[in-house]
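**Student:** Pasting the sequence and the predicted model now:
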Amino acid sequence: MSTMISEVYTAFRKAGVSEEDAKAAAEALSAESLATKDDIRKLDKELLIIKWMIGLVIAVEILPLLKLIT
C-alpha cells in the first residue's frame, strides 16, 4: 500500500492536474521524504563513530592536563 501527502495532492488538483497524475506525484514525493530502516541504521553507525571520535579528542586533550597537575 502506498502513501501520499494529501496537501500535495490537493495542490496539484487545484492547479488543474488530472486526478491520476496528482495521485502519482503525491505518492512519489511521499516515498522520497520517508526514511527507511536502512537509512536509520546508517545514521546510528555514523553517530556511534562520531561519539567515539569526540571521546578520543577529549581524552587526548585531558590526559596531558592531568599529567601537568600531578
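**Tutor:** Right, received. Where do you want to start? Residues are numbered from 1 along each chain as shown.
**Student:** any idea what the spatially most central residue of the chain is structurally, helix, strand or coil?
**Tutor:** By Cα atoms, centre = their mean, the mean C-alpha position of the chain lies nearest to residue 35, the distance being 6.1 Å. Following DSSP: H, G, I helix; E, B strand; the rest coil, residue 35 is assigned to coil.
**Student:** can you pull the contacts of it?
**Tutor:** Not one residue lies near residue 35 by Cβ atoms under 8 Å, 6 or more residues apart in numbering. For the C-beta atoms, the positions are set from N, CA and C on the backbone; glycine is no exception.
**Student:** Mind pulling up the pLDDT for it?
**Tutor:** At residue 35, the model reports a pLDDT of 77.
**Student:** measure it to residue 25 for me?
**Tutor:** Separation of residue 35 from residue 25 (Cβ to Cβ, to the nearest Å): 20 Å.
**Student:** ok, now residue 55?
**Tutor:** Applying Cβ to Cβ to residue 55 and residue 25 gives a distance of 46 Å.
**Student:** Comparing those two, which shows the higher neighbour count?
**Tutor:** Taking other Cβ atoms under 10 Å, residue 55 and residue 25 do not tie; residue 25 has more neighbours (17 against 10).
**Student:** who touches the nearest residue to the more buried one once chain neighbours are set aside in this structure?
**Tutor:** Using Cβ to Cβ, 6 or more residues apart in numbering and skipping residues adjacent in sequence, the residue nearest residue 25 is residue 12, 5.8 Å away. Counting by Cβ under 8 Å, 6+ apart, residue 12 touches 21, 22, 25, 26.
**Student:** Please repeat the previous calculation with a cut-off of 10 Å.
**Tutor:** 18, 19, 21, 22, 23, 24, 25, 26, 29 (Cβ atoms under 10 Å, 6 or more residues apart in numbering).
**Student:** Give the PyMOL command for selecting the buried subset of those.
**Tutor:** This is the PyMOL syntax for the buried subset of the contacts of residue 12, where burial follows 16 or more other Cβ atoms under 10 Å:
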select buried, resi 22+23+24+25+26
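**Student:** How is this structure divided into domains?
**Tutor:** Using automatic domain parsing, the domains assigned to the chain come out as 1-34, 36-70.
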